[in-house]
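Undergrad: return a 3D structure for these sequence lines:
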Amino acid sequence: MHNDPSRTTPLGMIRYAHEFMEAALAVDEKIGNQAGFEIVAPIPVLYLAGHSIELSLKAYLLSQGVSLRELRHYGHNLHASFRKAKELGLLSHVQFTVPEEGAFEILDGLYSTKQLEYIVTGAKQFPMFGLVELFSAKLFNAVSTVVGFNKQFDSYVNL
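TA: Presented below is the predicted three-dimensional model:
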């Protein structure tokens with residue numbers, strides 16, 4: 001089960017984070033290059049990237065001693081997980097630009113309220129996917145190093 005610390009590990013979470021981001025990039029390559037997606041990335045791309053970010057943050061939190069029980073309190077709130085990760089030293093491993101963090105916050109507003117999974121009518125603000133992609137890749141690369149996972153998004157190393 002996902003509440004068993006011997007089965008839900010930082011290494012397992014970061015592996016899933018990598019797979020979700022790879023899926024986001026593949027979907028963006030396939031669908032995002034079609035007409036109609038010049039301004040806003042396809043919703044599934046944003047969802048997959050958001051889930052990758054969530055898993056990367058939770059992998060970091062687990063690696064820093066946060067229990068699975070406590071992790072449940074963060075739910076799908078990326079901002080809350082990010083805030084806790086920063087408290088636990090995340091920024092000693094990675095730095096984000098103001099535009100990257102801004103895109104992350106916009107994404108969280110959609111992701112944490114399930115607006116990337118279910119239709120909610122009305123005006124919305126969407127993040128630039130390029131900035132979300134950078135945030136996600138930089139976060140993944142840093143956490144991957146911390147937890148000992150041997151994959152990196154090579155295009156984003158040393159950014």
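Undergrad: run through the protein and note the low-pLDDT ranges.
TA: Low-confidence segments of the chain, defined by pLDDT under 70: 1-2, 156-159.
Undergrad: residue closest to the middle of it?
TA: Ile53 (1.0 Å; CA atoms, centre = their mean).
Undergrad: and that residue, what element?
TA: Element membership of Ile53, judged by DSSP states H and E, is helix 43-63.
Undergrad: show me what that helix is packed up against.
TA: Contact analysis of helix 43-63 by 3 or more CB pairs under 8 Å, 6 or more residues apart in numbering; DSSP states H and E lists helix 10-27, helix 68-72, helix 78-87, helix 98-111, helix 129-147 as its packing neighbours. No exception for glycine: its C-beta is placed from N, CA and C like everyone else's.
Undergrad: what angle do the third one and helix 98-111 make?
TA: If I follow you right, that is helix 78-87. 140 degrees (axes from the mean of the first three to the mean of the last three CA atoms, to 10 degrees).
Undergrad: kindly export helix 78-87 (C-alpha atoms) in CSV.
TA: Output of helix 78-87 as CSV, limited to C-alpha atoms (Å, rounded to 0.1, in the frame of the first residue of the first chain):
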residue,chain,number,x,y,z
LEU,A,78,2.1,22.0,-4.5
HIS,A,79,2.6,25.4,-2.8
ALA,A,80,2.4,23.8,0.7
SER,A,81,4.8,21.0,-0.3
PHE,A,82,7.2,23.5,-1.8
ARG,A,83,7.1,25.7,1.3
LYS,A,84,7.9,22.7,3.5
ALA,A,85,10.7,21.6,1.1
LYS,A,86,12.2,25.0,1.3
GLU,A,87,12.1,24.9,5.1
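Undergrad: what's the angle from it to helix 129-147?
TA: Going by the same axes, to 10 degrees, helix 78-87 makes 40 degrees with helix 129-147.
Undergrad: how about helix 78-87: buried residues?
TA: Neighbour-count burial for helix 78-87 flags 78-79, 81-82, 84-85 (criterion: 16 or more other CB atoms under 10 Å).
Undergrad: same question, the fourth one
TA: With burial defined by 16+ other CB under 10 Å, the residues of helix 98-111 counted as buried are 100, 103-104, 106-111.
Undergrad: fine by me, we can end here.
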